[in-house]
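In: turn this into a structure:
(one chain, ligands or ions: 1)
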Amino acid sequence: MMAVVDTASAVRARDLGKRYRAKWALRECTFDLPKGRVAALVGANGAGKTTLMSVLSDLLVADEGSALVDGRVAFVAQEKPVYRHFSAADMLRLGAHLNTVWDQERAERWLERFEIPLDKACGKLSGGQQAQVAFALAIGSRPAVLMLDEPLANLDPLARREVTAELLSEVDETGMTVLLSTHVVSELGGVADYLLLLAHGRLLAGGDVDDLLTGHATFVGPRSDAPPVPGTVVEARHNGGQSTFLMSLPEDGPRPRAGAGWVEHPVNLEEYVLAHLGANRKGIGA
Ligand SMILES: Nc1ncnc2c1ncn2[C@@H]1O[C@H](COP(=O)(O)OP(=O)(O)OP(=O)(O)O)[C@@H](O)[C@H]1O
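Out: Purely as a prediction, here's the structure:
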């Protein structure tokens, strides 16, 4: 992967595509991820999240398009690989040996923070604890861009909250950029400030979370086949005498207002993601 010089983007992808034999797993993927952000990569099973991260980390070669990453990348794969017979301390020694840049204190601090024993064989740690060792290794390598494939998957709810909080403070302290894939959309609020939404290998939406959410609204009112404002209906639900429309509002012109009887609500990140994924469930056809 070529390094980007003098740009505000940590990752720049242009028409990125990757196929496994004849089947495209990623197609026409274009986005700029600004530096210092925590970006959530979200999509259904098989949407192409791991493929995208693997291409950005140079583990896979793209079949079309280009990707530029600014600086060193650390990628923690879904399986959170650690050597079973190595202790956490051994893993950190390995990290120090393998990485040209290594911050032992930072890596140790992560393990201490999550009370991971340093001397126990990783094979005897729980899945969540092994994940913490893999995170500590990645953090210790002081990456410019940290990519985490399903970092929250093995963690209990409290650990999920603590890991995301720690990641935010690492971002604050180091200015690194984080790209994390997850299915735990309900816990992204206040964590991710950038969203990449994938469906069937294509990018449905990419951008600043606040911008994306501001451009959407939910309207609840009397049962109706048509929405109360112009725009694109992302999701419509009809319940008894009531209709609910989650709308993507027109980008140009003043913000539309619904007529009497309709109440407008802001859309949160989870509602946004679920509505868009639901709308694209049937497939796009690569
Ligand atoms: N090594 C491979 N060989 C063939 N097809 C593959 C391979 N890896 C992934 N695929 C296919 O590519 C598509 C994207 O897979 P990918 O693992 O990137 O999705 P994902 O969004 O990470 O899924 P999940 O949420 O289940 O981890 C899927 O259709 C998958 O079956």
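In: can you list the strands that the strand or helix carrying residue 244 pairs with?
Out: Per DSSP states H and E, residue 244 falls inside strand 242-248. Using DSSP bridges, the strands paired with strand 242-248 are strand 216-222 (antiparallel), strand 232-239 (antiparallel).
In: in it, what counts as buried?
Out: Residues 243, 245-248 are the ones in strand 242-248 that count as buried (16 or more other CB atoms under 10 Å). (Glycine included, C-beta is placed from N, CA and C.)
In: let's see stretch 18-26 as CSV, backbone CA atoms only.
Out: Output in CSV follows, covering the C-alpha atoms of stretch 18-26 (Å, rounded to 0.1, in the frame of the first residue of the first chain):
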residue,chain,number,x,y,z
LYS,A,18,-11.7,-7.4,-4.7
ARG,A,19,-13.1,-10.7,-5.9
TYR,A,20,-12.7,-14.3,-4.9
ARG,A,21,-12.6,-16.1,-8.2
ALA,A,22,-15.6,-14.8,-10.1
LYS,A,23,-17.5,-13.4,-7.1
TRP,A,24,-16.9,-9.8,-6.2
ALA,A,25,-16.7,-9.3,-2.4
LEU,A,26,-16.0,-5.6,-2.7
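In: tell me the average confidence for stretch 132-144?
Out: For stretch 132-144, mean pLDDT rounds to 96.
In: apologies, that question was intended for stretch 40-47.
Out: Per-residue scores along stretch 40-47 average to 94.
In: need the contact partners of it.
Out: 49, 52-53, 179-183, 185, 188, 191-192, 194-201, 269, 273, 277, 281 (CB atoms under 8 Å, 6 or more residues apart in numbering).
In: same question for stretch 100-114.
Out: Here stretch 100-114 has contacts from 72, 88, 92, 95-96, 118, 129, 132-133, 135-137, 139-142, 159, 162-163, 166, 170, using CB under 8 Å, 6+ apart.
In: so how far is the ligand from the residue nearest the centre of the chain?
Out: Centrality entry for the chain: nearest residue to the mean C-alpha point is residue 40, 2.0 Å, by CA atoms, centre = their mean. Distance, residue 40 to the ligand, by CB to the nearest ligand atom, to the nearest Å: 13 Å.
In: would you mind checking the contacts of stretch 100-114 for buried ones?
Out: 72, 88, 92, 95, 129, 132-133, 135-137, 139-142, 159, 163, 166, 170.
In: what about the residues you listed, which are in helices?
Out: Judged by DSSP state H, the buried ones among the contacts of stretch 100-114 include 88, 92, 95, 129, 132-133, 135-137, 139-140, 159, 163, 166, 170 as members of helices.
In: go through the host helix or strand of residue 10 and flag the buried ones.
Out: Assigned by DSSP H and E, residue 10 falls within strand 9-20. Applying a neighbour-count criterion of 16+ other CB under 10 Å, one finds 9-13, 16-19 buried in strand 9-20.
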